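Peer 1: Just to be clear, the model below is a prediction. Sequence and coordinates:
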Amino acid sequence: MESLNGKVVLITGATAGIGKSCSYAFAEEGANLIITGRRHQKLIEISNDLKTKFNVKVLTQELDVRNRTAIESFIESLDGVWKNIDILVNNAGLGRGLNRLYKDNPEGWEEMIDTNIKGLLYMTGAVVKGMAERKSGHVINIGSIAGHEAYSGGAVYCATKHAVNAITKSLRLDTLDKNIKVSTVDPGMVETEFSKVRFYGDEEKANNVYKGMTPLTGDDIAETVIFCATRPKHVNINEIIVMPSAQASAFFTYRGE
Ligand SMILES: NC(=O)c1ccc[n+]([C@@H]2O[C@H](COP(=O)([O-])OP(=O)(O)OC[C@H]3O[C@@H](n4cnc5c(N)ncnc54)[C@H](OP(=O)(O)O)[C@@H]3O)[C@@H](O)[C@H]2O)c1
């Protein structure tokens, strides 16, 4: 097992859900963290808590992954201990709406494509450049079962996660001679702010998603990410699909009698 102690880990979308859980899980292993997201105050609160609880170094950066120039200049500006990023967790992402394509809101399509595909690409391009020069690194993408299946109302979200799946596979080939690992962790239902965001703040609709079953938690996914990140040098986890015990696919969830 590889130690994460003293490693530098950049996590996108660390202000909530899976990204926040990953921040705590990596800090618990002694990693130094660069945590990013759009909500500055949340980043500060999480950073202070991590430093107190785990005595690790934490750098916070308010960053919208849709802003390519902001990402590039932030990565270029890193120095000292932060310059050499060992692990990138591409987690920032969202779903918008669950409507039939012809009734859906194209603004949501733009948001999903810009965040889940283009944002992930911008961050990956900027960070992997340095990893390739140093011949060392690990990119862990948070995909989804929506990258393996397609469901009604999810045309664009599923398309973005299929894209993440393809990017993961291509990046693995692109970096094979650079001692860089590439993994994707693809969850089923995880109870986070995801559904609240998907339904534009409608709490009732969001809560109904998890009605009658026990969904995964952000911590369940963080544990899986840590598993990928701690394999011995010669082991690359390509892909892990994680589902709640009561969910068999995007279509089939057992919610009791
Ligand atoms: N929850 C699920 O059921 C589920 C299942 C499969 C896959 N996933 C994937 O898991 C990842 C994390 O989702 P989650 O469930 O943890 O949802 P969440 O609780 O809503 O967290 C999403 C995170 O992404 C950040 N984010 C969103 N847009 C961003 C942007 N433009 N720039 C920077 N950060 C942005 C948010 O931070 P700010 O708002 O502060 O920017 C937040 O920290 C996503 O890629 C999602 O597609 C989720």
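Peer 2: Perfect, thanks for sending it. Numbering: from 1, shown residues only.
Peer 1: The lengthiest strand in the chain and the ligand, any residue contact?
Peer 2: Determined from DSSP state E, the single longest strand within the chain is strand 180-187. Yes - using C-beta under 6 Å from any ligand atom, strand 180-187 reaches the ligand at residue 187. Every residue, glycine included, has its C-beta placed from N, CA and C.
Peer 1: Can you tell me the strand partners of that strand and which way each runs?
Peer 2: For strand 180-187, the paired strands and their directions (DSSP bridges) read strand 137-142 (parallel), strand 239-242 (parallel).
Peer 1: Centre of the chain to that strand, how far?
Peer 2: On the basis of C-alpha atoms, centre = their mean, to the nearest Å, strand 180-187 sits 10 Å off its chain's mean C-alpha point.
Peer 1: cool, and stretch 33-40?
Peer 2: Distance of stretch 33-40 from the chain centroid (C-alpha atoms, centre = their mean) equals 13 Å.
Peer 1: Kindly report the same for stretch 24-42.
Peer 2: Using C-alpha atoms, centre = their mean, the offset of stretch 24-42 from its chain centre is 12 Å.
Peer 1: Equivalent analysis for stretch 13-29, please.
Peer 2: Stretch 13-29 has its C-alpha centroid displaced from the chain centroid by 10 Å (C-alpha atoms, centre = their mean).
Peer 1: Kindly reformat the strands paired with strand 180-187 as CSV and extend each row with mean neighbour count, distance to the ligand and mean pLDDT.
Peer 2: Putting the strands paired with strand 180-187 into CSV (neighbours: other C-beta atoms under 10 Å; distance: least, C-beta to the nearest ligand atom, whole Å; pLDDT from 0 to 100) gives the following:
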stretch, mean neighbour count, distance to the ligand, mean pLDDT
strand 137-142, 25, 4, 99
strand 239-242, 16, 9, 98
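Peer 1: Output the ones you listed in TSV, with distance to residue 156 appended to each entry.
Peer 2: Below are the strands paired with strand 180-187 laid out as TSV (distance: least, C-beta to C-beta, whole Å):
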stretch	distance to residue 156
strand 137-142	17
strand 239-242	21
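Peer 1: surely residue 189 meets residue 215?
Peer 2: Yes - in this structure residue 189 lies within contact range of residue 215 using C-beta atoms under 8 Å: 4.4 Å.
Peer 1: hmm, back to that, tell me the average confidence for the longest strand of the chain?
Peer 2: Mean pLDDT, strand 180-187: 98.
Peer 1: Nearest to residue 202, out of the strands paired with strand 180-187?
Peer 2: strand 137-142 (23.7 Å; C-beta to C-beta).
Peer 1: Run through who's touching the longest helix seen in the chain.
Peer 2: With secondary structure taken from DSSP state H, the chain has its longest helix at helix 155-174. Outside of helix 155-174, the residues within contact range by C-beta atoms under 8 Å, 6 or more residues apart in numbering are 90, 93, 95-96, 101, 104, 108-109, 112-113, 116-117, 120-121, 124, 128, 139, 141, 143-144, 146-151, 182-184, 186, 236, 238-239.
Peer 1: Just the buried positions in it, please.
Peer 2: 155-165, 167-168, 171-172 (16 or more other C-beta atoms under 10 Å).
Peer 1: show me the contacts for whichever residue of the stretch 51-200 of the chain sits closest to the ligand.
Peer 2: Nearest residue of the stretch 51-200 of the chain to the ligand: residue 93, at 2.3 Å (C-beta to the nearest ligand atom). Going by C-beta under 8 Å, 6+ apart, residue 93 touches 13, 115-116, 119-120, 142, 160.
Peer 1: Swap in 10 Å and give it another go.
Peer 2: For residue 93, the contacting residues are 12-13, 17-19, 65, 112, 115-117, 119-120, 141-144, 157, 160-161, 164, 194, 197, by C-beta atoms under 10 Å, 6 or more residues apart in numbering.
Peer 1: Then residue 31?
Peer 2: 3-9, 11, 23, 25, 54, 56-58, 86-87, 226, 229.
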